[in-house]
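In: Need a 3D model of the following:
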Amino acid sequence: NHTPHTRHSSLLPPVVFPFLLTFTMLAAASKLRGAAYKRQALAVATRAVGARAYSSALSFDKHPFLKELGLSEDNCGVYHGEWKASGDVVTSYDPSTGEAIARVQTGNVADYETAVGKLVRAQRGWADTPAPVRGEVVRQIGEALRGKLDALGALVSLEVGKIRVEGVGEVQEYVDICDYATGLSRMLGGRTVQSERYGHLMLENYNPLGPIGIISAFNFPCAVYGWNNAIALVAGDGMVWKGAPTTPLVSVAVTKIVTEVLERNGHPGELCSLVQGGADVGDAMAKDERLPLVSFTGSTEVGRTVGVNVQRRFGRPLLELGGNNALIVMDDADLDLAVRSATFAAVGTAGQRCTTTRRLYVHEAVHDEFRDRLVKAYASVPIGGALEEGVLCGPVHTKEGVAKFLQGIANAKAQGGEVLCGGHVIDRPGNFVQPAIVSIANDAACVQEENFVPIVHLIKFADFDQVVEWNNAVPQGLSSSLFTQNLKYMHRWTGPLGADTGIVNVNIPTNGAEIGLSFGGNKSTGGGREAGGDAWKQYMRQSGSTINCSGALPLAQGIKFD
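Out: As a prediction, the model looks like this:
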């Protein structure tokens, strides 16, 4: 979640952009009622936004950076020391235009079995390689990524739909975690523990866990893999990666970069295997006892199934799931900072970050002023194609995302919400919507749910204790931010009775973090931690060792057994 060097973005400049809007089937969707309301509304909205068909003609030649990354019109989506796939062929689409970019042949379960078999055989040699030597390989991966920073960043923007600065920033995050992991490779340490017995030494040791599985999501198809890849490699673990089905070109391009570095250093490329595939591949990975850890980034619904399948075989599930994140504005907040932060947090990446602000709580004393300034800020956000200059909000990723946006607006209206701005599909090729601010009561059902689109719910509150309770009342627990100048509020917010999220910020957006901190959430966000901090320990097995150097056999707790 970041632009270059951190997960922050530059704060928004006051650039005016004339939005071109159109209503598409929203009225019809909002009339639907009954137990099947959500399902029916989504079906109606999907039919509406699907009227403009995707183009089947490839636009590959329009983007010279694709060839720079070793891609072609037809690509293989499976790598296990060799590029060889036997699954279905899928097409990658540009969400800014609806044009087809290129084709990728995916893998099936048989391809997955081949990949993991080779990975397991390669794992032993990598685990026995000294950690600083592993770190040198990761350093070179970071350098290789630096050399492709602009090209790979452009591909991320093209295939995901995020603006260019965010695409480049995502690759920079991978570079940053490689730098971090390189240093970590010389610092992976346990500890010595004092023994009560003469002539005894007690140690806590960390050793490689073994080959791991990685399942990543469309919104950060490069960085999330990078968090796992860099740390796991220095920890001594190989991996097999299943990238998101809708961003296969990023998966292929990244794998080419990483495996070329491995092979140049005399290590087997299958240490970083790739199997682009469907749910059957992900299911096989979750149930595979050869993989002691599976990292999954995606929805809470799917993550619950993955977590259960991994835990059932006593593996380690590392889950990065949904976030219904809140940004709170107290009556003493710096409103300039709060408005700019809220705009980026809710609009950035077209509302498709796991850390996007979904709930915006504003103290009643400043609510009206903040509301008016926020609406004005939204009106200044330039919307356009991901690779266009001067754009701050690109398209949502898929037609399904557009349909979910319309459904979210209809749900909010049906539950008493007032749309203050936005809420419409923009009539142009691609998947463009106008980000919406909805004024609504906190007890509305839609407020308790994560919508993965640019809709923020604006809610008035009266006092600090009330808003902390509201912040913590949702099932998700990823990120939350408090805007205040009051040190007492800051202390309480970050303390034991404050925010219950994994990321607890003060005076920065919900989507602000750096790779030096571990990243992850609590409750139904899954409890996983990636990137910095102590996240590396998840990729290693811990053992306690007692070494008797005395020649005698004194027993602990004073036990005599003579």
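
In: ok, which stretches of the stretch 351-500 of the chain are helices?
Out: Listed in chain order, the helices of the stretch 351-500 of the chain (DSSP state H, counting those that start in this stretch) span residues 367-379, 399-414, 464-472, 487-493.

In: Using PDB, write out every CA atom in the shortest one.
Out: When you say that, I think you mean helix 487-493. Written as PDB, here are the backbone C-alpha positions of helix 487-493 (Å, rounded to 0.1, in the frame of the first residue of the first chain):
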ATOM      1  CA  LEU A 487      -2.100  13.700  23.800                       C
ATOM      2  CA  LYS A 488      -4.600  12.100  26.100                       C
ATOM      3  CA  TYR A 489      -6.600  10.900  23.200                       C
ATOM      4  CA  MET A 490      -3.500   9.700  21.400                       C
ATOM      5  CA  HIS A 491      -2.400   7.700  24.500                       C
ATOM      6  CA  ARG A 492      -5.800   6.100  25.000                       C
ATOM      7  CA  TRP A 493      -6.200   5.400  21.300                       C
END
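
In: next structured bit after it?
Out: strand 503-506 (DSSP states H and E).

In: Confidence-wise, which helix or strand of the protein is lowest on average?
Out: Of all the helices and strands that make up the chain, helix 26-30 has the lowest average by mean pLDDT, DSSP states H and E, namely a mean of 35.

In: Grab the nearest non-local neighbour of Cys76.
Out: Counting by Cβ to Cβ, 6 or more residues apart in numbering, Cys76 lies nearest to Trp83, which is 4.2 Å off, once chain neighbours are set aside. C-beta coordinates here come from the backbone N, C-alpha and C atoms, glycine included.

In: ditto for His63
Out: Nearest to His63 is Leu158, by Cβ to Cβ, 6+ apart, at 6.3 Å.

In: Show me the contact partners of the helix or strand hosting the one you found.
Out: Leu158 belongs to helix 149-160 when assigned by DSSP H and E. Applying Cβ atoms under 8 Å, 6 or more residues apart in numbering, the contact partners of helix 149-160 are 63, 65-66, 68-69, 71, 92, 94-96, 101, 145, 162-164, 166-172, 175, 218-219, 221-222, 246-247, 249-250, 253-254, 257, 386-387, 394, 397.

In: Would you write a ChimeraX line that selects the buried entries of these?
Out: Entered in ChimeraX, the line below selects the buried ones among the contacts of helix 149-160, by 16 or more other Cβ atoms under 10 Å:
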select :63,65,66,69,71,92,94,95,96,101,145,162,163,164,166,167,168,169,170,171,172,175,218,219,221,222,246,247,249,250,253,254,257,386,387,394,397
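
In: and the contacts of helix 149-160, which of them are in strands?
Out: Ser92, Ile101 (DSSP state E).

In: so where do the helices sit in the stretch 1-150 of the chain?
Out: Using DSSP H, counting those that start in this stretch, helices in the stretch 1-150 of the chain cover 26-30, 37-49, 65-68, 109-127, 131-147, 149-160.

In: Pick the most deeply packed of those helices.
Out: Of all these, helix 149-160 carries the top mean neighbour count, a mean of 24, counting by mean count of other Cβ atoms under 10 Å.

In: avg pLDDT for it?
Out: Helix 149-160 shows a mean pLDDT of 98.

In: tell me the angle of it relative to helix 131-147?
Out: 80 degrees (axes from the mean of the first three to the mean of the last three Cα atoms, to 10 degrees).

In: roughly how far is helix 149-160 from the heart of the chain?
Out: Its chain's average C-alpha position is 16 Å from that of helix 149-160, according to Cα atoms, centre = their mean, to the nearest Å.

In: shaky segments in the protein?
Out: Low-confidence segments of the chain (pLDDT under 70): 1-55.

In: and if we set it to 50?
Out: Scanning the chain for pLDDT under 50 picks out the ranges 1-53.

In: From the centroid of it, which residue is nearest?
Out: With distances taken as Cα atoms, centre = their mean, the residue of the chain nearest its centroid is Phe220 (5.2 Å).

In: In stretch 538-553, which residues are buried?
Out: In stretch 538-553, counting by 16+ other Cβ under 10 Å, buried: Gln538, Tyr539, Met540.

In: possible to save these as TSV with distance to Pro496 and secondary structure?
Out: TSV is the format used below for the buried residues of stretch 538-553 (distance: Cβ to Cβ, whole Å; DSSP: H, G, I helix; E, B strand; the rest coil):
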residue	distance to Pro496	secondary structure
Gln538	24	helix
Tyr539	29	helix
Met540	29	strand
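
In: for the protein, longest helix please?
Out: As assigned by DSSP state H, the longest helix anywhere in the chain is helix 164-184.

In: and the angle from it to helix 131-147?
Out: Using the same axes, to 10 degrees: helix 164-184 against helix 131-147 is 160 degrees.

In: Check which helices and strands the helix or strand that helix 164-184 is followed by is in contact with.
Out: Sequence-wise, the next helix or strand downstream of helix 164-184 (DSSP H and E) is strand 191-193. Strand 191-193 is packed against strand 200-208, with contacts defined by 3 or more Cβ pairs under 8 Å, 6 or more residues apart in numbering; DSSP states H and E.

In: Tell me what angle the strand it packs on forms with helix 131-147.
Out: Using the same axes, to 10 degrees, strand 200-208 lies at 30 degrees relative to helix 131-147.

In: Show me which residues of the helix or strand just after strand 200-208 are buried.
Out: Downstream of strand 200-208, the next assigned helix or strand under DSSP H and E is strand 212-215. Buried residues in strand 212-215, counting neighbours by 16+ other Cβ under 10 Å, are found at Ile212, Gly213, Ile214, Ile215.

In: swap in stretch 444-462?
Out: For stretch 444-462, the neighbour count (16+ other Cβ under 10 Å) marks 444, 446-447, 449-461 as buried.

In: Could you point out which of those is nearest to Leu201?
Out: Nearest to Leu201 out of those is Glu450 (Cβ to Cβ; 50.0 Å).

In: I'm done for today, thanks for sticking with me.
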